[in-house]
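**Q** Sequence first, then the predicted structure:
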Amino acid sequence: MAQAHVLGLPRIGAQRELKFAVEAFWRGEMTVQALQDTGRRIRAANRLAQREAGLDWITVGDFHWYDQVLSTLALVGGLPERFGAAPAALTLADYFAAARGTAQQGARQSAMEMTKWFDTNYHYLVPEYSPQTRFGRGTEWLFDEVAEALAEGENVKAVLLGPLSLLYLGKEKGGLTDRLSLLPELLTQYERVLARLKTQGVTWVQIDEPILALDLPGLWRDAFAPVYRRLAPVAPSLLLATYFGDVSEHAALLAALPVAGVHLDGVRAPKQLETFAAQWPKDKVLSAGVVDGRNVWRCDLTRARALLMSLAETLGDRLWVASSCSLMHCPVDLASETRADKEVRTWLAFAVQKLGEVALLRRSLDTAEFARADVRAAFVADATAQAARRTSPRIHNSVVQKRLAALTEADARRASDYPARARAQRAWLKLPALPTTTIGSFPQTAAIRAARADFKRRAMSHLDYLETMRAQIRLAIEKQEAYGLDVLVHGEAERNDMVEYFGDLLWGFMITEHGWVQSYGSRCVKPPVIYGDVYLPEPMTVTWSAYAQQLTDKPVKGMLTGPVTMLQWSFARDDQPRELTALQIALALREEVAALEKAGVRVIQIDEPALREGLPLRKGEWPSYLEWAVRAFRVCSSGVADDTQIHTHMCYSEFHDILPSIAALDADVISIETTRSDMELLGAFEAFEYPNEIGPGVYDIHSPRVPSQAEMERLIEAALARIPAERLWINPDCGLKTRDWAQVDGALTHMVAAAKAVRQRLAVAAMRVQAA
């Protein structure tokens, strides 16, 4: 009989227990023992959810204190040597130091670099590999978690990031030119881990190799056979898991590997399931991921069962039914959404519900089980919900459709080119060389969050809320003027999240109450659900930005989230092309931009941090995506006068391979995250001869460290070596909402002082040139 399992579950806890516990531990308000107890409770709840759903295998090893890549490095003793932690004696404090950096005088280390996990909105910590990298006996955490599950009598399937993906997803540093040279020593540790799991009584290990969905270089592809020939003899049965894309080009390779089975993503690439099944070896399991692990729409059970029945005819008992990928990308439990829109709620499934879908689909493959009343009733209920969603009048908006039809190419172009716009903007902005600004948000204090919560539950009047937020705006403006910043922001006190805030005000979006997912570490976000055509009923930001502008003679930036990021960081519709949804959002934002400009806000930032993460994993599919993504941005940003300055912001990304498209956005100023890479990313902009203005980050806001003025001066000088002074801005890496005011006061004071010091040196150098 077919087996049912999932690739992983959310590890944050149903009420974000992990976030609150970890942050309390960081503040010194929780002991290690209390933190570990929280982790045990979350893991126990996840095992119980799998057991109650009726899964055949309980997945263990999907819990991580911060990040799965970091945890794997800790397991194999591969944390960067600069943190000085002994692998076998690694503590949670050491682990978090690598994730967050260290702030102690004399031992300061910046945090490990962070980037997107494939094309998701999760961020992983990038391994650092150098000639000094060594692997060894690491943490015992995985084995302890396995022991917990085995003690409950479970059929345990441990999960582990594979060695080739662990190496491939890292960076070479310190003169290392070939990460694969580290493979033999790394495999020794994988052999140790797998043998230990086998000794514990684990019979299956899911070993994730998601890099197979990428355009993998030949050397890396060719490494799979010898790697798994070495690991298989000491390991339990291995289920090699791929996800996020089509791996059918590797079908022959995967069929020949000495593993007991392979998992395929049947949501992103459903056609590959039939391709693999047609010639699949008789002694291997094929796991079909037919329940979407990355979105919140309920599975079309009838359609999924038809596909599985076809596979079962060929595979028989060798078929496993699964989620497409880990469910960590989904909220925990729809049962918590007691206040959600009742109609839209019937169309959704969160992680706990998806466990039930996987188990139900497995049951339905058995003729006798499918005839049972409860199974039939579940299928009927699903078919009813699917039909209701397709025919709901809330899905389509005729006004939006007419506006889309009326769009022309001229709507995606500024009136003049950048040089002409720059002259017009400089004429009124009158900014100094190396102008300073921030990315948008300021600390979201407990008082701010409490005020928003009180207003939401109607415990605070609208007038009191308005005055509370205005007081925060006044504070932000006063502080920025005291720092000496050149272009100010209103601070975004009214915003809970850069996407959710807008989703709450746009038609076609639904905001959940507890639909949290992990973005990185303890940072959780609550993506809106886009269920219908997107429409702007009234301005969303003008009141706040216009008020801030009244408080100062300096320019204040209006702050918006761009259409691609709104799409990428939401649970998007799956009933129309993503391109169409992005364009609908762009039209709504175009109206907002026009309203800001009309209100006197003439510097407007439209953030697109998710532009790169939306790229398809295969480069052959990039051009079509970039074409519609760039068009969406230009549609929302191009309806303004030449002297209105358009900024955009991007973070966590490698830009070198999409710089032509970034330039095609035609933003007047772009700010990017560069601190953790030590300005390395600027090399790509220099080589490309990026034509517009650029603000490389000089302050890593993801770490509690307050960098010194000297550190920032060094970064500014490094930037000037690549970008002309007349096109260089000075700013932090990202928004400051997660920092406290003491950190922000210190860092921004240092940043402005650093910019002034470098500006003075530039002036002196210019005078010497003139004198000569």
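**A** Looks like it came in fine. Numbers count the residues shown, from 1 in each chain.

**Q** low pLDDT regions in the stretch 101-250 of the chain?
**A** Counting by pLDDT under 70, the stretch 101-250 of the chain contains low-confidence ranges at 103-107.

**Q** now the helices: where do they sit in it?
**A** Secondary structure of the stretch 101-250 of the chain (DSSP state H, counting those that start in this stretch): helices at 141-151, 163-168, 183-200, 218-231.

**Q** roughly how far out does the shortest one sit from the chain middle?
**A** Per CA atoms, centre = their mean, to the nearest Å, the displacement of helix 163-168 from the mean C-alpha position of its chain is 20 Å.

**Q** coming back round to it: need the winner for burial among the helices of the stretch 101-250 of the chain.
**A** Ranked by mean neighbour count, the helices of the stretch 101-250 of the chain are led by helix 163-168 with a mean of 23 (mean count of other CB atoms under 10 Å). The way it works is simple: take the backbone N, C-alpha and C, and place the C-beta from them, glycine included.

**Q** Which elements pack onto it?
**A** Contact here means 3 or more CB pairs under 8 Å, 6 or more residues apart in numbering; DSSP states H and E; on that basis helix 163-168 packs against helix 68-75, helix 183-200, helix 218-231.

**Q** Now Glu154. Nearest residue, chain neighbours left out?
**A** Residue nearest to Glu154 in three dimensions, not counting chain neighbours: Ile58, with 4.2 Å by CB to CB, 6 or more residues apart in numbering.

**Q** about what we covered before: so which of the helices of the stretch 101-250 of the chain is nearest Val399?
**A** helix 163-168 (46.4 Å; CB to CB).

**Q** Mind listing residues that contact that closest one?
**A** Helix 163-168 is contacted from outside by 69, 72-73, 76, 78, 127, 129, 179-180, 182-183, 186-187, 190, 208-211, 220, 223-224, 227, 231, using CB atoms under 8 Å, 6 or more residues apart in numbering.

**Q** buried ones in the host helix or strand of Ile662?
**A** For Ile662, the enclosing helix or strand under DSSP states H and E is helix 659-664. Neighbour-count burial for helix 659-664 flags Ser661, Ile662, Ala663, Ala664 (criterion: 16 or more other CB atoms under 10 Å).

**Q** Any chance of these in a markdown table with distance to Leu728 and pLDDT as columns?
**A** Shown next, in a markdown table, are those (distance: CB to CB, whole Å; pLDDT from 0 to 100):
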| residue | distance to Leu728 | pLDDT |
| --- | --- | --- |
| Ser661 | 22 | 95 |
| Ile662 | 17 | 94 |
| Ala663 | 16 | 94 |
| Ala664 | 21 | 96 |
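
**Q** Closest one to Met114 out of these, please.
**A** Of these, the one sitting nearest to Met114 (CB to CB) turns out to be Ile662, at 19.8 Å.

**Q** now the closest one: how far from Ile585?
**A** 19 Å (CB to CB, to the nearest Å).

**Q** Could you do Asp246 as well?
**A** Asp246 is 28 Å from Ile585, by CB to CB.

**Q** Same question for Ser237.
**A** Taken as CB to CB, the span from Ser237 to Ile585 is 46 Å.

**Q** The two - which one has more neighbours?
**A** Ile585 (29 against 16; other CB atoms under 10 Å).

**Q** Figure out the helix or strand that the more buried one lives in.
**A** Element membership for Ile585 (DSSP H and E) is helix 578-598.

**Q** Over to Ile606?
**A** Short version, using DSSP H and E: Ile606 is in strand 603-607.

**Q** report the angle between the axes of that strand and helix 578-598?
**A** Counting by axes from the mean of the first three to the mean of the last three CA atoms, to 10 degrees, strand 603-607 lies at 160 degrees to helix 578-598.

**Q** packing partners for the helix or strand just after strand 603-607?
**A** Under the assignment DSSP H and E, the closest C-terminal helix or strand after strand 603-607 is helix 622-637. Other helices and strands packing on helix 622-637, by 3+ CB pairs under 8 Å, 6+ apart, are helix 563-568, helix 578-598, strand 603-607, strand 645-650, helix 659-664.

**Q** Tell me which strands the shortest one pairs with, and in which orientation.
**A** If I follow you right, that is strand 603-607. According to DSSP bridges, strand 603-607 forms sheet pairs with strand 556-561 (parallel), strand 645-650 (parallel).

**Q** residues in contact with the residue nearest the centre of the chain?
**A** Nearest to the geometric centre of the chain sits Asn121, at 2.0 Å (CA atoms, centre = their mean). Taking CB under 8 Å, 6+ apart, we find Asn121 in contact with His329, Val517, Ser519, Val525, Pro527, Gln568, Trp569, Ala610, Glu613.

**Q** Need these in TSV (columns: distance to Arg761 and pLDDT).
**A** As requested, those are arranged in TSV below (distance: CB to CB, whole Å; pLDDT from 0 to 100):
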residue	distance to Arg761	pLDDT
His329	47	98
Val517	46	97
Ser519	39	94
Val525	41	92
Pro527	45	95
Gln568	41	94
Trp569	40	94
Ala610	37	88
Glu613	38	82
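
**Q** re the thing from before, could you point out which of the helices and strands packed on helix 622-637 sits nearest Ala742?
**A** strand 645-650 (24.4 Å).

**Q** isn't Arg590 right next to Gly639, touching?
**A** Yes. Using CB atoms under 8 Å, Arg590 is in contact with Gly639, at 5.4 Å.

**Q** okay if I get the helices and strands packed on helix 622-637 as a markdown table plus distance to Thr391?
**A** Output for the helices and strands packed on helix 622-637, formatted as a markdown table (distance: least, CB to CB, whole Å):
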| stretch | distance to Thr391 |
| --- | --- |
| helix 563-568 | 24 |
| helix 578-598 | 19 |
| strand 603-607 | 35 |
| strand 645-650 | 39 |
| helix 659-664 | 38 |
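
**Q** Which one of these lies nearest to Leu301?
**A** Leu301 sits nearest to helix 578-598 of all the helices and strands packed on helix 622-637, at 24.0 Å, using CB to CB.

**Q** And stretch 435-455, end to end?
**A** 37 Å (CA to CA, to the nearest Å).

**Q** Enumerate the positions of it that are buried.
**A** 435-444, 448, 451-452, 455.

**Q** Any idea which of the strands paired with strand 603-607 gets closest to Ala158?
**A** strand 645-650 (36.9 Å).

**Q** For His263, which three-state class applies?
**A** strand (DSSP: H, G, I helix; E, B strand; the rest coil).

**Q** How many residues are close by it?
**A** Neighbours of His263 using other CB under 10 Å come to 27.

**Q** give me every residue that touches it.
**A** Leu7, Gln206, Leu239, Leu240, Ala241, Thr242, Tyr243, Ser287, Gly289, Trp320, Ala322.

**Q** which of those are buried?
**A** Leu7, Gln206, Leu239, Leu240, Ala241, Thr242, Tyr243, Ser287, Gly289, Trp320, Ala322.

**Q** Among the residues you listed, which lie within strands?
**A** Judged by DSSP state E, the buried ones among the contacts of His263 include Gln206, Leu239, Leu240, Ala241, Ser287, Gly289, Trp320, Ala322 as members of strands.

**Q** Test my guess that the second one contacts Ser287.
**A** Yes. With the criterion set as CB under 8 Å, Leu239 and Ser287 qualify as a contacting pair; they are 6.3 Å apart.

**Q** Need the residues touching each of those two.
**A** Contact criterion CB under 8 Å, 6+ apart; residues shared by Leu239 and Ser287: Gly261, Val262, His263, Trp320.

**Q** Closest one of these to Met112?
**A** Proximity of the shared contacts of Leu239 and Ser287 to Met112 (CB to CB) peaks at His263, which lies at 28.2 Å.

**Q** Quick check: bridge partners of that closest one?
**A** Under the criterion used (DSSP bridges), His263 bridges to Ala241, Ser287.
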